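1. return a 3D structure for these sequence lines:
(one chain, ligands or ions: 1)
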Amino acid sequence: MPKMTFIERNGNHKTVEAPLGLSVLEIAHRHDVDIEGACEGSLACSTCHVVVDAAWFAKLVKPTEDEEDMLDLAFDLQETSRLGCQLIMTDALDGLVVKLPAATRNAGG
Ligand code: FES
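-> Just a heads-up that it's a prediction; the model follows:
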């Protein structure tokens with residue numbers, strides 16, 4: 001089974017099993033990683049924002065225009081920001097590393 005690592009806000013690295021076909025958001029929820037994902041992956045929020053490790057960013061499928069539009073609304077947007085619900089685990093992403101952004105719009109900004 002592929003694995004992926006979340007870097008939590010306190011700097012803790014959490015490496016978890018990442019079943020193929022699940023989104024990064026779904027994987028986070030299975031393992032109590034603090035990504036909100038308010039719209040459950042329907043591209044209607046930006047609370048599933050994650051900052052992808054630079055080495056991995058280029059390996060991801062490019063974001064759709066809808067994802068880019070939503071990302072523009074994300075708090076603490078960075079060059080390698082993506083929406084976690086749009087990143088689907090594949091064999092090629094085994095070892096993926098993403099960091100939680102400093103805050104989301106809903107979390108006391
Ligand atoms: Fe809302 Fe990803 S969960 S856009």
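2. residue closest to the middle of the chain?
-> With distances taken as CA atoms, centre = their mean, the residue of the chain nearest its centroid is Gly84 (2.9 Å).
3. up against the ligand, what does this structure have?
-> In this structure, the chain approaches the ligand at residues 25, 37-41, 43-45, 47-48, 70, 83, 85, judged by CB under 6 Å from any ligand atom. Heads up, the C-betas are built off the backbone N, CA and C, glycines and all.
4. now, which of those lie within strands?
-> Leu83 (DSSP state E).
5. from the residues of the chain next to the ligand, which land in helices?
-> Leu25, Met70 (DSSP state H).
6. can you pull the contacts of the residue nearest to the centre of the chain?
-> Gly84 is in contact with Ser23, Val24, Leu25, Ala28, Ile35, Gly37, Cys48, His49, Val50, Val98, counting by CB atoms under 8 Å, 6 or more residues apart in numbering.
7. mind checking how far the fifth one is from Glu65?
-> The reference is to Ile35. Counting by CB to CB, to the nearest Å, the separation of Ile35 from Glu65 is 22 Å.
8. looking at these two, which is more packed in?
-> Legend: neighbour count by other CB atoms under 10 Å for Ile35 and Glu65, higher for Ile35 (23 against 7).
9. would you confirm that that one contacts His29?
-> Yes. Counting by CB atoms under 8 Å, Ile35 touches His29, with 7.4 Å between them.
10. on that earlier part again, what is the nearest of the contacts of Gly84 to Asp76?
-> For the contacts of Gly84, the minimum distance to Asp76 (CB to CB) is 7.6 Å, reached by His49.
11. can you tell me the SS state at the closest residue to the closest one other than its chain neighbours?
-> Among residues not flanking His49 along the chain, Ala74 sits closest, at 4.1 Å (CB to CB, 6 or more residues apart in numbering). The three-state label given to Ala74 by DSSP: H, G, I helix; E, B strand; the rest coil is coil.
12. many thanks, we can stop here.
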